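**Student:** Provided below are the primary sequence and the corresponding predicted coordinates.
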Amino acid sequence: MSDESQELGITESKSHKPGEWYAEVVQKANLADYAPMGGFIVTKPRGYALWEAIQESLDGWFKDTGVDNVYFPMFIPESFLEREKDIVEGFDPEVAWVTHGGHDELEERLAVRPTSESIIAPFMADWTRSHRDLPMRLNQWCSVVRWEATETKPFFRTKEFMWQEGHTAHASNEGAWEEVWTRLEQYERVYEDVLAVPVLRGKKPEHDKFPGADTTTTVEALMPDGKSVQGATSHNLGQSFAESFDITFADEDEKEQTAYTTSWGLSWRAIGALIMTHSDDQGLVLPPTVAPTQVVIVPIWQEDTKDDVLEYSEGIADDLETAGFRVELDDRDERNPGFKFNEHELNGVPLRLEIGPHEVDDAEVTLVHRPDNAESVADRDGIVDAVDEHLDEIFDKLYESAEENLEENVREAHSPEEILGTIGKHGGYVKTPWCGDEACEEVIKEKIAAEIVMQPLEDEGGSTAGDVPEPDHDECGVCGDPADEIAYFAKSY
Ligand SMILES: [Zn+2]
């Protein structure tokens, strides 16, 4: 390797130093840079393209299921924020405040939105007159600010992050539940079918719900380092926000009723989970579904074969582009094929086509899969179909490997020692009967910083109440008291 490719490549190891490795992949694969202010990042074109791919899928599904996009101001007057007390208490330590406009002190401080219930709900109240106005489903794509004093981890932990936040109002609690499940299912789908990251659906324990919510449901993804990522959340807010903000409506008998509301959000943390799940010591690995470049063609020539190889390669690039693939022909003169291979590996291009004089003579193409370097040969004639099949195969490989990691890493434990030992040794999820007391979580948390990341749901998405199934073992895995719930402990991002 030349010095130049050393500098280009990843030097940290994913299995030994996942944190350092992750930071290096993000920077060297050109996804993001650190901003001059601690806690903020600059998203580069290749990183933003990943966000756009997620956005495109979700936004389409939202619109297909009755959601309209809106945009509300990024500032929330303090008096609005104070109208729902749980929101104030929950977010107060993390709110950034605007106190001045130019040189003048503001009469009322403005919060930079940490989440927008408090500015959206009053307008929903205004816009809701009768039952005919419901359900009302609004969504905005924006960023929010939460001033956490933790170490910056691009896409996982930043003071400002991109997300979408959906806010809906319904005439009945059943309607609100249906909404909660619809969005949770769409989040599951974006992780599994778009990002090739399998997730578990569950709900957060009572003490870890979204402030003001009746129930917080979640999709959780297990990273290869054994930590869980909260992938997205969908909250049934019950009537607490509707009561605080007077979201009422006249029912069919002209009687005034209070609405039920929900909110749900997915942030660019999904990009973090995507990178962490699939990438390796050579750099970024992306499923073809989101890769900005799905196929790179690297022509390999000598002076006397250059014209033929290039012409042949261009023909293939044209065919693939016409068929709708995102393809790049890397015909740079100043770089040798080895350098190009490394660079496209680092950038996570899922499929590489190698074309030299042999391929031209035999009317063939050599295909190499990014995740495992699997190499095969296809006929020039059927190249469009072959590429299509290979991209599907690459997606399946990534999904299956992540699924295997998840399946192997859900273990049961029935005592504090066993819970601690299992998480300490293997990471992953430890499933245990739980009495429901937060103090039992504290016992584990104090020792190894693992917490209850979720509780499984009674009936995969079908339960209107978000019930948790009964454990078959009836003693709390921590204190030994009677347990009628199940908890999943894990370390988390
Ligand atoms: Zn207990």
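**Tutor:** Perfect, thanks for sending it.
**Student:** wait, a strand at T217?
**Tutor:** Yes - counting by DSSP: H, G, I helix; E, B strand; the rest coil, T217 is located in a strand.
**Student:** which residues does it contact?
**Tutor:** T217 makes contacts with 180-181, 184, 201-204, 233-236, 457, 466, as judged by CB atoms under 8 Å, 6 or more residues apart in numbering. C-betas here are computed from N, CA, C, even on glycine.
**Student:** so what pairs up with it in the strands?
**Tutor:** Legend: beta-bridge partners of T217 under DSSP bridges are K203, S234.
**Student:** same question, D33
**Tutor:** With DSSP bridges as the rule, D33 is bridged to V42.
**Student:** same question for H369.
**Tutor:** H369 forms beta bridges with L351, as assigned by DSSP bridges.
**Student:** other residues contacting stretch 150-161?
**Tutor:** Counting by CB under 8 Å, 6+ apart, 19, 22-23, 26, 31-32, 34, 38-41, 47, 96, 143-148, 229, 267-269, 271-272, 275, 493 sit against stretch 150-161.
**Student:** I misspoke; the intended subject was stretch 338-351.
**Tutor:** 1-2, 4-5, 8-10, 28-30, 46, 279, 282-288, 291, 293-296, 298, 328, 330, 332, 335, 352, 367-371, 387, 390-391, 394.
**Student:** and stretch 421-435, how far apart are its ends?
**Tutor:** 20 Å (CA to CA, to the nearest Å).
**Student:** on that earlier part again, which pair in the contacts of T217 spans the largest distance?
**Tutor:** W181 and K204 (15.4 Å; CB to CB).
**Student:** thinking again about what came up before, among the contacts of stretch 150-161, which are in helices?
**Tutor:** 19, 22-23, 26, 47, 269, 271-272, 275 (DSSP state H).
**Student:** kindly reformat these as TSV containing neighbour count.
**Tutor:** Formatted as TSV, these follow (neighbours: other CB atoms under 10 Å):
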residue	neighbour count
G19	11
Y22	22
A23	17
V26	25
G47	23
R269	22
I271	25
G272	23
I275	25
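**Student:** closest point of the stretch 101-250 of the chain to the ion, which residue?
**Tutor:** P205 (11.7 Å; CB to the ion).
**Student:** for that residue, give me the pLDDT.
**Tutor:** Looking at P205, its pLDDT reads 95.
**Student:** and if you look at the one 3 residues further on?
**Tutor:** You'll see D208 listed with a pLDDT of 91.
**Student:** what is the burial count for it?
**Tutor:** Counted by other CB atoms under 10 Å, the residues lying close to D208 total 16.
**Student:** which residues sit in contact with it?
**Tutor:** 216, 451-452.
**Student:** cool, and A53?
**Tutor:** A53 sits next to 194, 289-290 when contact means CB under 8 Å, 6+ apart.
**Student:** look up how far P287 lies from it.
**Tutor:** 10 Å (CB to CB, to the nearest Å).
**Student:** now do A250
**Tutor:** Counting by CB to CB - A250 and P287 are separated by 49 Å.
**Student:** quick one, which of those two is more surrounded?
**Tutor:** P287 (27 against 15).
**Student:** quick check: residues of this structure near the ion?
**Tutor:** 435, 437, 440, 476, 478-479 (CB under 5 Å from the ion).
**Student:** which among those end up buried?
**Tutor:** Among the residues of the chain next to the ion, those classed as buried by neighbour count (16 or more other CB atoms under 10 Å) are 435, 437, 440, 476, 478.
**Student:** element containing the last one, please.
**Tutor:** Using DSSP states H and E, V478 sits within no helix or strand.
**Student:** for it, list the residues it contacts.
**Tutor:** 416, 419, 432, 434-435, 440-441, 443-444.
**Student:** same check, this time on the third one
**Tutor:** With contacts defined as CB under 8 Å, 6+ apart, the neighbours of C440 are 434, 476, 478-479.
**Student:** hang on, the earlier thing: which ones among the contacts of stretch 338-351 are found in strands?
**Tutor:** 295-296, 298, 328, 352, 367-369 (DSSP state E).
**Student:** check those residues and tell me the two furthest apart.
**Tutor:** Most distant of these, by CB to CB, are E328 and H369, 16.6 Å apart.
**Student:** now the strands for the stretch 1-150 of the chain?
**Tutor:** All strands of the stretch 1-150 of the chain, identified by DSSP state E, counting those that start in this stretch, fall at 32-34, 41-43, 68-69, 75-77, 97-101, 104-112, 136-145.
**Student:** now tabulate the contacts of C440 in CSV and tack on distance to S401 and pLDDT.
**Tutor:** Output for those, formatted as CSV (distance: CB to CB, whole Å; pLDDT from 0 to 100):
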residue, distance to S401, pLDDT
W434, 31, 95
C476, 35, 95
V478, 33, 95
C479, 37, 95
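**Student:** I'd assumed A487 was in a strand, is it?
**Tutor:** Yes - counting by three-state DSSP, A487 is located in a strand.
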